[in-house]
Structures are given as structure tokens and as C-alpha cells.
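Enquirer: could you work out the structure for the sequence below:
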Amino acid sequence: MASTGNMQNTQISALMRGLHGAVLDIVAVMNRPQRDEQMVRAAGIRLDRALFPLLVLVERLGPVALGELADRVGRDHTTISRQAAKLESLGLILRQPGRRDRRVREAVITPAGKEMTDRIDATRERIMRRTLADWPPDEVETLVRLVRRYADAMMEPPVEGVPEGEIRLSPGKSTRSAPADDSR
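Expert: Residues are numbered from 1 along each chain as shown. The predicted structure is shown next:
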């Protein structure tokens with residue numbers, strides 16, 4: 001017969017695998033080019049799909065260094081610089097010297113860019129309301145709170161050589177999770 005500790009570790013491992021699988025599914029959906037095209041179309045704006053995530057990030061994070069944008073979207077700095085130039089030529093962002101380091105180029109949203117991201121936000125909210133329509137309000141609040149908490153924890157730099165953290169399952173809580181394929 002397995003000890004309670006080993007059984008709990010097995011259950012926690014299954015939960016972590018399930019969480020990883022869910023996050024991969026969310027990232028996969030959010031990274032689909034068709035999804036961005038649908039969002040742009042539904043928002044009634046004209047913008048190249050490749051520029052869409054960059055514009056949203058500049059609005060959310062700005063002023064933001066072009067190098068940080070490159071890291072966040074997983075593209076090289078030259079590609080981001082070229083795309084930022086395109087957004088600037090459309091009057092949606094401005095590139096300026098960095099606040100802390102004048103050699104660094106930062107991007108900031110313009111009023112026209114903000115108007116466009118406001119339309120995107122309204123469209124995103126309609127989609128999310130439809131997605132969560134049958135969820136009780138307290139579960140939506142819990143989802144938002146926990147996803148924010150998880151995202152904040154993930155933003156912390158990884159520490160090597162950290163011993164396994166201890167997670168205790170609450171008595172009577174189900175630890176079943178849908179099978180997840182984390183090979184992606």
C-alpha cells in the first residue's frame with residue numbers, strides 16, 4: 001500500500017501536468033494567426049495581422065523598449081524594429097529615446113493607436129463574455145485572480161537548484177485532471 005505522501009505527490013504531479021497542458025492549450029489558441037485576423041475584422045479595423053500583437057503590447061506596456069517587445073513576442077530585434085517603423089508610419093505608435101538609457105529606443109502609443117486598441121479591447125471583452133457566459137460571477141473572479149497570480153509568479157526569474165516545493169492537497173478535494181499532452 002502506497003504511503004499518503006507518495007499518493008499525494010502522484011496527485012500533485014498529475015495536477016501540474018494538467019496545468020501545463022491547459023496553459024499550452026491557451027497559448028496555442030492565442031498564437032493562432034486566424035484568431036488575430038478574426039479579432040481585427042470583428043473590431044472593424046484595418047491592420048496587418050503581424051502588427052496586431054505588437055500594437056497591443058505597446059499600449060499595455062508602453063513606453064516599452066523594442067528589445068523587450070522582441071523578447072515578449074519571440075521575434076528578433078530587427079523584425080520588431082521594422083514592424084515598429086510600420087506602426088509609426090501608420091500613426092499608431094511613436095518611437096523615442098529611452099527614459100533611462102537614451103541609446104535604447106522605446107515605443108509609446110499615440111491617440112490613434114489607443115483608439116484602435118480600445119476597439120480591440122471591446123471586441124475581446126465581447127468574446128470573453130460569450131466564452132464565460134455560463135460561469136458564475138464568483139468563478140470568473142476566482143479565475144482572473146488566480147491566472148494573474150500565476151502569471152506574476154511565472155514572471156519571476158527561475159532559480160536553479162531550488163528544492164521541490166511542497167504542495168498539500170486539501171482533504172476531500174478531487175485531484176483528477178483531464179489528461180494533458182505536454183509534449184508540445
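
Enquirer: and after the one helix or strand Arg126 maps to, which helix or strand comes next?
Expert: Using DSSP states H and E, Arg126 sits within helix 111-131. Once helix 111-131 ends, the next helix or strand along the chain (criterion: DSSP H and E) is helix 137-155.

Enquirer: what's the mean pLDDT across that next one?
Expert: The average pLDDT for helix 137-155 rounds to 93.

Enquirer: if we can go back for a sec, what residues sit buried inside the helix holding Arg126?
Expert: Gly113, Lys114, Met116, Thr117, Arg119, Ile120, Thr123 (16 or more other C-beta atoms under 10 Å). To be clear about C-beta, it is placed using only N, CA and C from the backbone, and glycine gets the same treatment.

Enquirer: same list (these) but as JSON lines, adding distance to Ser81 and pLDDT.
Expert: Output for those, formatted as JSON lines (distance: C-beta to C-beta, whole Å; pLDDT from 0 to 100):
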{"residue": "Gly113", "distance to Ser81": "17", "pLDDT": "96"}
{"residue": "Lys114", "distance to Ser81": "22", "pLDDT": "97"}
{"residue": "Met116", "distance to Ser81": "21", "pLDDT": "94"}
{"residue": "Thr117", "distance to Ser81": "21", "pLDDT": "94"}
{"residue": "Arg119", "distance to Ser81": "26", "pLDDT": "94"}
{"residue": "Ile120", "distance to Ser81": "23", "pLDDT": "92"}
{"residue": "Thr123", "distance to Ser81": "28", "pLDDT": "92"}
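
Enquirer: give me the nearest residue to Ile80, chain neighbours excluded.
Expert: Ala70 (4.3 Å; C-beta to C-beta, 6 or more residues apart in numbering).

Enquirer: tell me which residues touch the one you found, please.
Expert: Asp76, His77, Thr79, Ile80 (C-beta atoms under 8 Å, 6 or more residues apart in numbering).
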